[in-house]
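K.L.:
missing the sequence, but the structure's below:
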């Protein structure tokens with residue numbers, strides 16, 4: 001299957017070095033890395049749940065923070 005991926009430069013360099021050292025194609029190295037990574041994730045799924053604590057924003061209740069960008073736009077436009 002043909003697909004397009006965006007890789008970080010650092011991982012691309014590592015994969016290309018492996019391909020060169022092992023004298024195999026870049027495609028083979030990428031497929032093997034993905035295969036091994038997928039197997040690890042399948043065998044060891046993330047555990048537990050995440051706890052997110054709310055952060056106090058400092059705005060008074062009743063202030064619609066979603067409209068702050070609109071206010072900035074209006075101030076910049078001189079309305």
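P.N.:
Alright, I've got the coordinates. Keep in mind it's a predicted model, so treat the numbers as computed, not measured.

K.L.:
show me where the chain has helices.
P.N.:
Taking DSSP state H to define them, one finds helices in the chain at 9-22, 26-43, 68-77.

K.L.:
what sits up against the first one?
P.N.:
Contacts with helix 9-22, where a contact means C-beta atoms under 8 Å, 6 or more residues apart in numbering, come from 7, 25, 26, 28, 29, 30, 33. For glycine as for every other residue, the C-beta is placed from the backbone atoms N, C-alpha and C.

K.L.:
I'd like to know how many residues surround residue 9.
P.N.:
Residues within reach of residue 9, counting by other C-beta atoms under 10 Å, total 7.

K.L.:
let me fix that: residue 29
P.N.:
19.

K.L.:
Quick one: residues contacting it.
P.N.:
Residue 29 touches 15, 16, 18, 19, 22, counting by C-beta under 8 Å, 6+ apart.

K.L.:
again, only using 10 Å
P.N.:
Counting by C-beta atoms under 10 Å, 6 or more residues apart in numbering, residue 29 touches 14, 15, 16, 17, 18, 19, 20, 21, 22.

K.L.:
pLDDT wise, what is it at?
P.N.:
For residue 29, the model assigns a pLDDT of 97.

K.L.:
Next: the one 3 residues further on.
P.N.:
Here the pLDDT value assigned to residue 32 is 97.

K.L.:
Same check on residue 79?
P.N.:
Note on residue 79: pLDDT of 62.
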